[in-house]
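> Build the 3D model from these lines:
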Amino acid sequence: MQIPLIVSFVAYMLVMVGIGIYFYFKTNDLSDFVLGGRSLGPGVTALSAGASDMSGWLLLGLPGMMYTQGIVGSWIAVGLILGAYINWHYVAKPLRVYTHHLDDAITIPDYFSNRFEDKGNTLRVVTAVVILVFYTLYTSSGLVGGAKLFEATFHLDYQTALIIGSFIIVSYTFLGGYNAVSWTDFIQGILMMLALVVVPVVVIYDLGGVGEGLRIIESVDPANLDILSGTSFIGIISLMAWGLGYFGQPHILVRFMSIRHEDEMNRAKTIGMTWMILSIIGSLAVGFFGLAYVVSHGVDLKDSEKIFIALSQLLFNPWIAGFLLAAILAAIMSTIDSQLLVSSSVLTRDIYHVILRKDASDKELVWVGRITVIAIALIAWYLSTDENSSVLKLVSYAWAGFGAAFGPVIILSLYNSGITKNGAIAGMIAGSVTVILYKHFHGGIFDLYEIFPGFIASWIATLLFSNIGTQNSKNVQKIFNEVKGRLNKTF
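Here you go, the predicted model:
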């Protein structure tokens with residue numbers, strides 16, 4: 001098993017690093033490094049957005065939840081699909097138009113700063129701090145997932161697996177920047193979807209059909225087939241609230257900003273949503289029917305988040321298993337590279353360039369971006385050294401933080417001309433602080449995902465504080481109306 005796995009993994013990783021090397025020679029300035037020069041087509045935009053969104057959570061965390069909770073866990077999929085569709089339909093095109101119109105804003109802090117004429121850079125700094133705090137946690141979740149993959153596949157100890165996985169992921173992000181990240185995500189997105197379609201089909205066939213699989217699952221616990229079992233109205237709302245996170249994820253939002261023309265957004269939405277629906281259904285099926293396989297074959301599975309890994313190794317030829325397991329690495333890499341790049345772009349563009357060295361050359365900025373990729377990765381690696389870390393828990397915390405801090409501000413800034421800098425700052429702080437406090441101090445009183453109260457707090461604070469203090473200038477209002485007029489012609 002070892003040699004085919006190693007060959008498959010090495011071949012896959014060499015292709016990814018090769019893409020990074022190719023785009024190393026194509027990266028000339030900071031816009032190329034952090035946004036690809038706004039040159040991506042709809043297919044690459046859609047699949048790279050999806051792949052960077054789902055991460056190792058799609059092949060580790062979500063199947064693990066279905067394995068332990070049964071069909072009730074599928075409520076999270078309903079919320080995610082609804083949230084992603086609304087994000088593509090109502091946020092993607094306006095954000096692409098607005099960021100291009102605002103002096104070609106290339107980062108989320110750039111967009112907020114230009115949108116509200118933040119000459120003192122207060123809003124830019126607040127946005128950057130929120131991004132760096134929650135991305136450190138998010139990146140850490142991916143490194144944990146990578147370590148679990150190498151640990152289970154090659155029987156390495158956790159710390160060695162963590163070092164190997166981290167090195168591979170950082171290398172091509174360091175080299176190629178945004179174009180490398182997007183094109184590797186495109187390839188990885190295809191690989192992930194194929195794996196999530198193939199594995200559950202083979203599992204169901206091995207079990208003797210869907211009916212037999214359901215019978216075995218029911219014999220374990222009838223509640224596994226009850227979509228309302230063990231939950232409540234608040235519990236369902238909590239699971240579906242994951243969909244609120246889409247409006248505030250910087251690594252997804254920058255994909256909308258990078259498409260070469262806003263008229264291609266509808267095509268990208270169709271591709272992206274098709275990919276997402278197929279992938280999520282496959283992921284749910286892996287965990288759900290994986291339980292039936294484990295029970296019927298007497299498999300000793302100690303970690304539910306490794307169900308996809310176990311099925312790939314048990315059901316497939318070693319060469320095929322190698323590429324299926326590479327899909328997990330693809331999922332992990334496709335998110336971490338995006339997170340590292342967004343964090344790096346924030347430090348480079350919004351802190352180093354705008355505040356510290358306004359006269360920095362393009363070459364200097366690109367290298368600062370590369371160095372900060374390594375620095376952020378080292379911090380995330382340190383946080384990942386606890387081998388008992390849960391991929392799902394780390395992802396849920398970071399997802400909630402971004403969704404609550406940025407989601408309401410993004411939506412309101414695109415559709416409400418009265419939102420001000422004070423409102424945006426208050427919304428970000430209220431959302432992120434509510435998530436942190438609720439996560440640590442609510443004590444289980446309410447079975448409610450922290451993104452829900454955080455999102456509401458941010459929305460209210462943004463509207464409330466927009467009516468306090470300095471209002472928007474005539475130029476801010478003028479630009480808002482220009483963008484609105486352009487969108488009215490194209491929507």
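> Could the C-alpha coordinates of the helix or strand containing residue 11 be exported in CSV?
For residue 11, the host element (DSSP states H and E) is helix 2-24. In CSV, the C-alpha atoms belonging to helix 2-24 read as follows (Å, rounded to 0.1, in the frame of the first residue of the first chain):
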residue,chain,number,x,y,z
GLN,A,2,2.8,2.4,0.9
ILE,A,3,4.6,2.6,-2.5
PRO,A,4,1.5,3.4,-4.6
LEU,A,5,0.3,5.9,-2.0
ILE,A,6,3.7,7.6,-2.0
VAL,A,7,4.0,7.7,-5.8
SER,A,8,0.4,9.1,-6.1
PHE,A,9,1.0,11.8,-3.5
VAL,A,10,4.4,12.8,-4.8
ALA,A,11,3.0,13.0,-8.4
TYR,A,12,0.1,15.2,-7.2
MET,A,13,2.3,17.5,-5.1
LEU,A,14,4.8,17.9,-7.9
VAL,A,15,2.0,19.2,-10.2
MET,A,16,0.9,21.7,-7.6
VAL,A,17,4.4,23.0,-7.0
GLY,A,18,5.0,23.1,-10.7
ILE,A,19,2.0,25.4,-11.1
GLY,A,20,3.5,27.6,-8.4
ILE,A,21,6.9,27.8,-10.2
TYR,A,22,5.2,28.6,-13.5
PHE,A,23,3.3,31.6,-12.0
TYR,A,24,6.4,32.7,-10.1
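> mind checking the SS state of the residue found closest to residue 235 once you drop the neighbours it is linked to in the chain?
With C-beta to C-beta, 6 or more residues apart in numbering as the criterion, residue 235 has its nearest non-adjacent residue at 5.1 Å, and that residue is residue 447. For every residue, glycine as well, the C-beta is placed using N, CA and C. When classified by DSSP: H, G, I helix; E, B strand; the rest coil, residue 447 comes out as coil.
> Could you give the number of residues near residue 142?
30 (other C-beta atoms under 10 Å).
> measure it to residue 310 for me?
Separation of residue 142 from residue 310 (C-beta to C-beta, to the nearest Å): 20 Å.
> so residue 110 makes contact with residue 353?
No. Using C-beta atoms under 8 Å, residue 110 is not in contact with residue 353; the gap is 10.0 Å.
> Which residue comes closest to residue 74 once chain neighbours are left out?
residue 284 (5.6 Å).
> Surely the residue nearest to residue 235 touches residue 236?
No. Contact criterion C-beta under 8 Å: residue 447 and residue 236 do not qualify, at 10.0 Å.
> picking up where we left off before, between residue 110 and residue 353, which is the more surrounded one?
A count of neighbours by other C-beta under 10 Å puts residue 110 above the other of residue 110 and residue 353, at 24 against 19.
> in what helix or strand does that one lie?
Counting by DSSP H and E, residue 110 is part of helix 108-115.
> next SSE after that helix?
Taking DSSP H and E, what comes next after helix 108-115 is helix 122-154.
> In terms of pLDDT, where does the residue nearest to residue 74 sit?
For residue 284, the pLDDT comes out at 93.
> got it, and residue 316?
At residue 316, pLDDT is 81.
> Am I right that it is in contact with residue 324?
Yes. With contacts counted by C-beta under 8 Å, residue 316 reaches residue 324, the gap being 6.2 Å.
> Looking at the two, which one has more neighbours?
Neighbours per residue, other C-beta under 10 Å: of residue 316 and residue 324, the larger number sits with residue 324, 25 against 17.
> who touches the more buried one in this structure?
195, 198, 199, 312, 316 (C-beta atoms under 8 Å, 6 or more residues apart in numbering).
> Show me which of the residues you listed is closest to residue 229.
residue 199 (25.3 Å; C-beta to C-beta).
> What is the neighbour count of that closest one?
Count around residue 199 with other C-beta under 10 Å applied: 26.
> what do you get for residue 200?
Around residue 200 there are 24 residues (other C-beta under 10 Å).
> Ignoring the adjacent residues along the chain, who's closest to it?
Nearest residue to residue 200, sequence neighbours excluded (C-beta to C-beta, 6+ apart): residue 285, at 3.6 Å.
> Can you get me a residue count around that neighbour?
A total of 21 residues lie near residue 285 under the criterion other C-beta under 10 Å.
> From residue 74, how far off is it?
Distance from residue 285 to residue 74, by C-beta to C-beta: 10 Å.
> Repeat that for residue 229.
Counting by C-beta to C-beta - residue 229 and residue 74 are separated by 12 Å.
> Would you mind telling me which of the two has more residues around it?
Legend: neighbour count by other C-beta under 10 Å for residue 229 and residue 74, higher for residue 74 (19 against 14).
> Could you look up the SS state of that one?
Residue 74 is classified as helix under three-state DSSP.
> tell me the contacts of the most centrally placed residue in the chain?
By C-alpha atoms, centre = their mean, the chain has its centre lying nearest to residue 53, at 3.0 Å. By C-beta under 8 Å, 6+ apart, the contact list for residue 53 reads 84, 246, 249, 251, 252, 276, 335.
> Throw these into CSV and include pLDDT, thanks.
Converted to CSV, those look like this (pLDDT from 0 to 100):
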residue, pLDDT
84, 93
246, 91
249, 87
251, 80
252, 85
276, 91
335, 69
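> Out of these, which comes closest to residue 209?
Closest to residue 209, out of all of the contacts of residue 53 and judged by C-beta to C-beta, is residue 276, at 26.8 Å.
> for the closest one, what are its contacts?
50, 53, 54, 80, 81, 84.
> does it sit in a helix or strand, and which one?
helix 265-297.
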